[in-house]
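Colleague: Turn this into a model:
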Amino acid sequence: MTDIQDERKRLTTHLGKVLREARKKAALTQVDVAERVGLVTEVFGRMERGDMLPSVPTLRKLCRALRVDANLILGLEVEKAPFWLEQPEPEADELPELRRLLRMLRRMDAAQLSVVSSTASALLKYTRQRPDDHSK
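Modeller: Numbering: from 1, shown residues only. Alright, predicted model coming up:
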């Protein structure tokens, strides 16, 4: 291997390790991250395994989605983190179950969504009428 190939392999390996750690810290799946960034899940998986480098626009999206400094991903050292990492993290109101449900809903047509909506409305109405039966 040439020096350039060696450096590229070190970078892809480092990048994959940092992406995996950041994804796990954020309690996200590869599917979650890929959707947020606009990638195919397999492509994100290749990055995480250290087999592929992202484009610059994709790197930026990954940094925002995973709330990680690009300098860390690239193996660079800096004294001060970017301003957007210092802002409070968005509330974690998306449970993994909700993310899975949203993925399924996005694949449904209008008729299927109508059935799901009616079912959810009926379920909410039913649980409001009988709260003591469902608290066990």
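Colleague: Give me the next element, helix or strand, following the lengthiest helix in the chain.
Modeller: Longest helix in the chain, counting residues (DSSP state H): helix 3-25. On the C-terminal side of helix 3-25, the closest following helix or strand by DSSP states H and E is helix 30-37.
Colleague: Identify each buried residue in the helix or strand that comes right after that next one, please.
Modeller: Sequence-wise, the next helix or strand downstream of helix 30-37 (DSSP H and E) is helix 41-48. Residues Val43, Phe44, Gly45, Arg46, Met47, Glu48 are the ones in helix 41-48 that count as buried (16 or more other CB atoms under 10 Å). In short, each C-beta sits where N, CA and C put it, glycine included.
Colleague: Arg100 versus Leu72, what's the distance?
Modeller: Here the criterion is CB to CB, to the nearest Å. By it, Leu72 lies 29 Å from Arg100.
Colleague: ok, Ile73 - how many residues close by?
Modeller: Ile73 has 21 neighbouring residues, counting by other CB atoms under 10 Å.
Colleague: go on, Asp32?
Modeller: 21.
Colleague: mind checking which helix or strand the nearest residue to it once chain neighbours are set aside is in?
Modeller: Nearest in space to Asp32, with sequence neighbours left out and distances taken as CB to CB, 6 or more residues apart in numbering, is Arg99 at 5.6 Å. Assigned by DSSP H and E, Arg99 falls within helix 96-106.
Colleague: who's in contact with the most centrally placed residue in the chain?
Modeller: Compute the mean C-alpha point of the chain, and by CA atoms, centre = their mean the closest residue is Val33, 2.5 Å away. The contact partners of Val33, taken as CB atoms under 8 Å, 6 or more residues apart in numbering, are Leu19, Arg23, Leu39, Phe44, Leu62, Ala65, Leu66.
Colleague: Show me just the buried residues among these.
Modeller: Applying 16+ other CB under 10 Å to the contacts of Val33 flags Leu19, Arg23, Leu39, Phe44, Leu62, Ala65, Leu66 as buried.
Colleague: And those, which is closest to Ser121?
Modeller: Using CB to CB, Ala65 comes nearest to Ser121 of these, at 32.1 Å.
Colleague: Was I right to think the closest one contacts Leu39?
Modeller: No. Ala65 lies out of contact with Leu39 (CB atoms under 8 Å); the separation is 10.0 Å.
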